[in-house]
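1. what's the 3D shape of this:
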Amino acid sequence: MATDKYAPPDQHSCTAPDSSWLSRGHKNQPQWNALGAVSFILISGGMSLAWGAGFAVHSAHREELLMTSHMEVSWYAAATVGAVLGALCTHRLPLQPVYIFGSCLVLVSGILFLACHECPAAIITARYLDGLANGLVFVPAMATVGEISVRGMRGLLASTVEQLSCNTGILMQLLYTAVWQVDWNVTIAADQVHGVLSIVYGVVALALASTLCVESPVNLLLRSDEQQAVAALRHLQRPYMVTSETLIQLDEHKHYVATNREMSWWQSVRMGLPPLLKLLALRSLNALCLTLVVWSALYETAVQVATHYQAWPYVIFGVMRWCGCFCVLLLVDTTGRKKPTLFGCFSCGSFALAFATLFGRTPHMITALALLFSLQFFAGLGQTASAVYLTEAFPLAVKPHYVAVVYVIELFLRLIFCSFAPSPAGIVAYFYVLGGLSIAFFFLSIFCLPETRLTTLSEAQHKFSKWFNKDF
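-> Coordinates of the predicted model:
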């Protein structure tokens, strides 16, 4: 029988499910522990994204954020630099020192927010540090998360580390924003709360990076250190011993490295172009669902529904986005990645078009607000699988560089639409465009987006390299 060069020997030997989902979660928990530091750094990044997207009306620097570009640009510029550095470090340097350095940057950023909350220069510096930390860890984490996890948990791990963490940070930002919106009699400034939370995230991330970080087995195999690769695999599953399953995973990784080493640099570049374009389109929609325009739409709609614009619209907005992401987490390795992505994008586009139609019509503002909340739910739902696609899609030689390209383009789009306050007509046009792009992506993705659940990295990479994939 002919063999598929993308399928390693005994490729189905380690796909049999354990007795329960909980037992599998317990067995594979060390894989999450290895990336726990990244999760907390990205929670801090989610707060900074929301802070720069308008959800900082409580801040003493709100006017400066809108009137001057430096405070706004700082986080995105530093994250871009961090992504470039992260791409250069991935598969060249060990992961642990990168994660430790990123954790320290978040910690210092939180200290600046807490101690110098009235000083604009200190806030700008803090945003630079937090952005650098997020860009620095995002690329190596997304490039290696699929190498650290077993195939049956890859979707859950990647989506939790990136999407759930970022949406948790957004939710935290909106929750404490809500507290200050209702004018509670407190002595601590809201920006100081941002600092306290960042300090907590930085300390926890530093502790996890220092004690539980495990190197990517693929990274070690690239250095021809098979013994350390076996040791890494041993520490990524309970019990901490070498089993037949460990050796099967080692064979998968060796096959993955060997397959990619057969390709030249230019072959890898060409093979990575189809997934690059697909993921640029998907992640661009993610960026467009949380910008200053979206905040302006929330504000303009909510003030006509709530007499004094109380805190609840912020809370519901953040909770809906977080719940949309959480609902998909447990499905990406069973139902798959493609179905939730298609359903989320189609629903998001439909609600965006409906909101644009109703926005500004006073008798229908409560309906428009409900549509905006629903849009955020389906934005979270539709983007959850994009995290695992990032770690599966690209050839090994160009993976960190293409992940960095996707991340930088996403940052650039967020920055463009966070740099000005739109008019009501601009909000309507924005949501019509968002809805149209989401629907167009839905129809194209039916034929172009692959389904990669329970595949090896080599198989997923091969599927993504094709322009058309009609599998579900």
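2. which residues sit in contact with F40?
-> S103, V106, S165, Y201, G202, V204, A205, L208 (Cβ atoms under 8 Å, 6 or more residues apart in numbering). Any C-beta I mention is one placed from the backbone N, CA and C, and that applies to glycine too.
3. do F377 as well
-> By Cβ under 8 Å, 6+ apart, the neighbours of F377 are M320, R321, C323, G324.
4. what about 10 Å?
-> 316-317, 319-325, 327, 344, 347-348, 351 (Cβ atoms under 10 Å, 6 or more residues apart in numbering).
5. So what's the residue count around the nearest residue to C166 once chain neighbours are set aside?
-> Of all residues not flanking C166 in the chain, G46 sits nearest, at 4.1 Å (Cβ to Cβ, 6 or more residues apart in numbering). The burial count assigned to G46 is 23, neighbours taken as other Cβ atoms under 10 Å.
6. measure G46 to G52 for me?
-> Per Cβ to Cβ, to the nearest Å, G46 is found 11 Å from G52.
7. Which neighbours do these two have in common?
-> Going by Cβ under 10 Å, 6+ apart, residues that sit against G46 and also against G52 are Q173, L290.
8. Relative to L175, which of the contacts of F40 is nearest.
-> Taking Cβ to Cβ as the measure, L175 lies nearest Y201 of these, at 14.7 Å.
9. so where's the stretch 101-250 of the chain shaky on pLDDT?
-> Within the stretch 101-250 of the chain, the ranges that satisfy pLDDT under 70 run 180-186.
10. ranges for the helices of it?
-> 120-148, 154-159, 165-181, 190-211, 217-222, 226-235, 244-261 (DSSP state H, counting those that start in this stretch).
11. Next, format these as TSV and append distance to P400 and mean neighbour count.
-> TSV is the format used below for those (distance: least, Cβ to Cβ, whole Å; neighbours: other Cβ atoms under 10 Å):
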stretch	distance to P400	mean neighbour count
helix 120-148	5	26
helix 154-159	15	28
helix 165-181	19	23
helix 190-211	19	21
helix 217-222	11	23
helix 226-235	19	18
helix 244-261	13	19
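12. Output those as TSV; include the columns distance to Q383.
-> Shown next, in TSV, are the helices of the stretch 101-250 of the chain (distance: least, Cβ to Cβ, whole Å):
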stretch	distance to Q383
helix 120-148	14
helix 154-159	9
helix 165-181	9
helix 190-211	22
helix 217-222	26
helix 226-235	30
helix 244-261	26
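13. Of all those, which one is nearest F394?
-> helix 120-148 (8.2 Å).
14. what's the spacing between the closest one and its chain's center?
-> 12 Å (Cα atoms, centre = their mean, to the nearest Å).
15. Can you check what angle separates that helix from helix 244-261?
-> 110 degrees (axes from the mean of the first three to the mean of the last three Cα atoms, to 10 degrees).
16. circling back: state the pair within the contacts of F377 that is farthest apart.
-> That would be I316 and G344, which, of the contacts of F377, are the farthest apart (Cβ to Cβ) at 18.4 Å.
17. what about the two, which has more around it?
-> Of the pair I316 and G344, G344 is the one with more neighbours under other Cβ under 10 Å, namely 26 against 20.
18. contacting residues for the closest residue to I100 other than its chain neighbours?
-> Leaving aside its chain neighbours, I100 sits nearest to A209 (4.7 Å; criterion: Cβ to Cβ, 6+ apart). Contacts for A209 (Cβ under 10 Å, 6+ apart) come out as 34-38, 40-41, 95-104, 137.
19. Now, the residues you listed that are in helices?
-> 34, 36-38, 40-41, 95-104, 137 (DSSP state H).
20. Quick one, which of those residues are buried?
-> Among the ones in helices among the contacts of A209, those buried by neighbour count (16 or more other Cβ atoms under 10 Å) are 34, 36-38, 40-41, 95-96, 98-104, 137.
21. Check those and tell me the two furthest apart.
-> A34 and C104, at 18.6 Å, using Cβ to Cβ across those.
22. Point out the other helices and strands that the helix or strand K463 falls within packs with.
-> Under the criterion of DSSP states H and E, K463 resides in helix 457-465. Where contact means 3 or more Cβ pairs under 10 Å, 6 or more residues apart in numbering; DSSP states H and E, helix 457-465 is packed against helix 120-148, helix 244-261, helix 265-288, helix 386-392.
23. For the ones you listed, give me JSON lines that also has distance to E459.
-> Below are these laid out as JSON lines (distance: least, Cβ to Cβ, whole Å):
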{"stretch": "helix 120-148", "distance to E459": "12"}
{"stretch": "helix 244-261", "distance to E459": "10"}
{"stretch": "helix 265-288", "distance to E459": "13"}
{"stretch": "helix 386-392", "distance to E459": "9"}
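24. quick one on the thing from earlier: out of the helices of the stretch 101-250 of the chain, which gets nearest to R361?
-> Short answer: helix 165-181, nearest of the helices of the stretch 101-250 of the chain by Cβ to Cβ, at 25.4 Å.
25. Give me the neighbour count for S69.
-> With other Cβ under 10 Å as criterion, S69 counts 11.
26. Over to the one 10 residues further on?
-> A79 is flanked by 30 other residues according to other Cβ under 10 Å.
27. next one: the one 4 residues further on
-> The burial count assigned to A83 is 28, neighbours taken as other Cβ under 10 Å.
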